[in-house]
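Undergrad: Need coordinates for the below:
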Amino acid sequence: MDLTELATRFGDKPAIVMGRSGDTLTYRELEERSNQIAHLFRSRGLATGDHIAILMENELDVFPVVWAAQRTGLRYTPVNWHLTAGEAAYIVDNCGAELLIHSASLTALAVAAEECASALQGRLVVGEATDGTKLLAEAAAGLPVGTVDDQSEGFYMFYSSGTTGRPKGIVREHTSKPFGTGMNIDHLMGSAFGFGPETVYLSTGPLYHAAPLGWSIGAVRNGGTVVVMEKFDAELALRLIDEFTVTHAQFVPTMFVRMLKLPDAVRSRYDVSSIHLLVHGAAPCPVEVKERMIEWFGPKLVEFYSGSEATGFFMIDTPSWLTHRGSVGKAVRGGVHICDDEGTELPPGRIGTVWFSDTGRFEYLGDPDKTADAFNEKGWNTLGDLGHVDDEGYLYLSARRSDLILSGGVNIYPQEVEDALTLHPAVLDVAVIGLPDDEMGQRVHAVVQPVADAVAGPALAAELIAYCRDNLAHYKAPRSITFEDVPRLPSGKILRRELMNRDRLVTPTSR
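TA: Modelled structure (predicted):
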């Protein structure tokens, strides 16, 4: 639906509420402020198809900027502010942004981007300027609160998470549809996930990621209210569900684990019965974790599997999952094919590369080789995941191809080992990787972040290895363990590349 129509219908109803601060933006305020920024974009010469970058923390001012870009046909790239200055600058330059809008707290990153972004014509700051940069609020002040004459749908352009290399821009076809047409996910949220005017949606992740931003936009498109967490905190999430009578919430599995490991007295303090759907995705969810969440919240979990490339979309509700434990569901859009390394399609039950057919085209900006690798001669595309389907067409994922451990000629899937260790009482977080081994080629190694009261050392390492051997085939159990923080993106994805580069893993705690 057109934001103007939504503002007319809902007026002073909250569109966005910040969870910790309580700062609120009504539908009318969102309409007026985004229109002023839209006029600002036009006054700066930004036309349909041009590009801006947004470097902002989770804050209320993200949304007028996003909606201004959305209604003026712009491409816009939210930049991960957890990146190094060089990485953030690379994205702003690579995407061809002509304007950068950033939080005052991220000025150092913004300055670094400005120094190397060849297409950038200026930047505006939200908050209090610390270096004389013009404030967005000042630049937009006095501009019309009515719509620009040439509205059309814009489109976000996200970058890959960079877990296996430098982030790459994901370019999808820009069709310049009339503003109000919406995107595929907006309509799917209404038809398949039950979003509507009565929805209160809890957004738990950083808004520079596809799902938190895209689903927040979609919740507004469907007339709901979005409660945005500035930063995820397990107890705060429960408090917000209780306080705002949240109906829909989205999490990644590591958030589930944090919530499950809260003391029972804390968990029981909050009423979560208002939840209609707990949506999760972005990373594999251990079966036991999901079972315990279902016991807690009831049969309200819906899992989806897709990517920022918006190719392939699978979903599975709780009743279906309980009869297909571990599955990410059936294809909602397009077809699925499991192929071996020669491209031959495999029968049900055989693990191979997951390919999607009958989905939209995309490319990785400035990387024709990576783009070509994502497609085959039939036009099918892949995200590089391994998995299998069963006789009913349910998809089960095994690993990213780049994460696969080959030890003694045998394939070992890190997720399986991580799932076994995740809910051990002493484990707060875990990542499993393959380290070089003269005899086996690679050996299974676990990086464990222990809970606060656990004593990290050889005794705990031996206990965890024995625990794995009790629950998995012995060859899958870690042969070594180190105790340290597990590097994850806020999306929940493990930065295995960073782990592989840590020299201290060469001399692990236990073998």
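
Undergrad: Name the residues that touch stretch 392-399?
TA: Where contact means C-beta atoms under 8 Å, 6 or more residues apart in numbering, the residues beyond stretch 392-399 that reach it are 284, 305, 314, 316, 320, 324, 326-331, 336, 351, 354, 385-390, 413-416. C-betas here are computed from N, CA, C, even on glycine.

Undergrad: May I see the PyMOL selection of the buried members of those?
TA: Restricted to buried positions by 16 or more other C-beta atoms under 10 Å, the PyMOL selection for the contacts of stretch 392-399 reads:
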select buried, resi 284+305+314+316+320+324+327+328+329+330+331+336+351+354+385+386+387+388+389+413+414+415+416
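
Undergrad: for the stretch 251-400 of the chain, which spans come out with low pLDDT?
TA: Along the stretch 251-400 of the chain, segments meeting pLDDT under 70 span 310, 399-400.

Undergrad: how about the helices in the stretch 301-450 of the chain?
TA: In the stretch 301-450 of the chain, the helices defined using DSSP state H, counting those that start in this stretch lie at 318-322, 368-373, 414-422.

Undergrad: Please identify the most buried of the ones you listed.
TA: Greatest average neighbour count among these goes to helix 414-422 (a mean of 22), per mean count of other C-beta atoms under 10 Å.

Undergrad: any idea of the mean pLDDT for that one?
TA: Mean per-residue pLDDT for helix 414-422: 84.

Undergrad: again with stretch 235-244
TA: Averaged over stretch 235-244, pLDDT sits at 97.

Undergrad: Just give me how far it sits from the chain centre.
TA: Centroid displacement of stretch 235-244 relative to its chain, using C-alpha atoms, centre = their mean, to the nearest Å, is 21 Å.

Undergrad: Tell me the buried residues in it?
TA: Across stretch 235-244, burial judged by 16+ other C-beta under 10 Å covers 236, 237, 238, 239, 240, 241, 244.

Undergrad: so where do the helices sit in the stretch 1-150 of the chain?
TA: Along the stretch 1-150 of the chain, counting by DSSP H, counting those that start in this stretch, helices occupy 3-10, 27-43, 62-71, 85-94, 107-116, 136-140.

Undergrad: Ok, which of those helices comes nearest residue 52?
TA: Proximity to residue 52, assessed across those by C-beta to C-beta, is greatest for helix 62-71 (6.0 Å).

Undergrad: Show residues contacting the closest one.
TA: Helix 62-71 has contacts (C-beta under 8 Å, 6+ apart) with 3, 15-16, 25, 30, 33-38, 40-41, 52, 54, 56, 75-76, 101, 126, 136, 147-148, 151-154, 156, 179, 207, 213, 216-217.

Undergrad: between it and helix 3-10, how big is the angle?
TA: Per axes from the mean of the first three to the mean of the last three C-alpha atoms, to 10 degrees, the angle that helix 62-71 makes with helix 3-10 is 130 degrees.

Undergrad: hey, C-alpha coordinates of helix 62-71 in CSV?
TA: The C-alpha coordinates for helix 62-71 follow below in CSV (Å, rounded to 0.1, in the frame of the first residue of the first chain):
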residue,chain,number,x,y,z
VAL,A,62,16.5,5.4,9.7
PHE,A,63,12.9,5.0,8.6
PRO,A,64,12.1,8.4,7.1
VAL,A,65,15.4,8.1,5.1
VAL,A,66,14.5,4.6,3.9
TRP,A,67,10.9,5.6,2.9
ALA,A,68,12.2,8.7,1.1
ALA,A,69,14.4,6.5,-1.0
GLN,A,70,11.7,3.9,-1.4
ARG,A,71,9.2,6.5,-2.8
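
Undergrad: Any idea how far it is from the middle of the chain?
TA: Worked out by C-alpha atoms, centre = their mean, helix 62-71 lies 19 Å from the chain centre.

Undergrad: tell me the domain ranges of this structure?
TA: The chain breaks down by automatic domain parsing into domains covering 3-13+24-182, 186-282+293-298, 333-400, 404-506.

Undergrad: quick one: terminal-to-terminal distance for the first one?
TA: Translated: domain 3-13+24-182. Domain 3-13+24-182 has an end-to-end distance of 10 Å (criterion: C-alpha to C-alpha, to the nearest Å).

Undergrad: ok, now stretch 342-351?
TA: Terminal-residue distance, stretch 342-351 (C-alpha to C-alpha): 13 Å.

Undergrad: again with stretch 140-149
TA: Stretch 140-149: ends 17 Å apart by C-alpha to C-alpha.

Undergrad: With stretch 359-366 instead?
TA: So stretch 359-366: terminal residues 21 Å apart, C-alpha to C-alpha.

Undergrad: Pull the distance from it to the chain's centre.
TA: Mean C-alpha position of stretch 359-366 versus that of the full chain (C-alpha atoms, centre = their mean) differs by 18 Å.

Undergrad: For it, give me every contacting residue.
TA: Here stretch 359-366 makes contact (C-beta under 8 Å, 6+ apart) with 94-95, 157, 160, 168-173, 309-312, 333-334, 370-371, 374, 381.

Undergrad: Let's see that with 7 Å instead.
TA: 94-95, 168-173, 309-312, 333-334, 370-371, 381 (C-beta atoms under 7 Å, 6 or more residues apart in numbering).

Undergrad: next one: stretch 18-38
TA: Under C-beta under 7 Å, 6+ apart, the answer for stretch 18-38 is 3-4, 6-7, 10-17, 60, 63-65, 67-68, 71-72, 140, 143-148, 227-230, 236, 240.

Undergrad: What's the end-to-end length of it?
TA: Using C-alpha to C-alpha, the end-to-end distance of stretch 18-38 comes to 23 Å.

Undergrad: before we move on, what about stretch 63-79?
TA: By C-alpha to C-alpha, the extent of stretch 63-79 from end to end equals 15 Å.

Undergrad: swap in stretch 92-108?
TA: Stretch 92-108 stretches 14 Å from its first residue to its last (C-alpha to C-alpha).

Undergrad: now do stretch 278-292
TA: One end of stretch 278-292 to the other measures 13 Å (C-alpha to C-alpha).

Undergrad: buried ones in that stretch?
TA: By 16+ other C-beta under 10 Å, the buried positions in stretch 278-292 come out as 278, 279, 280, 281, 282, 284, 285, 286, 289, 290, 292.

Undergrad: just stretch 383-403 next, same as before
TA: Buried residues in stretch 383-403, counted by 16+ other C-beta under 10 Å: 383, 385-389, 394-400, 403.

Undergrad: among those, which two are most distant?
TA: For the buried residues of stretch 383-403, the farthest-apart pair by C-beta to C-beta is 394 and 403; their separation is 21.9 Å.
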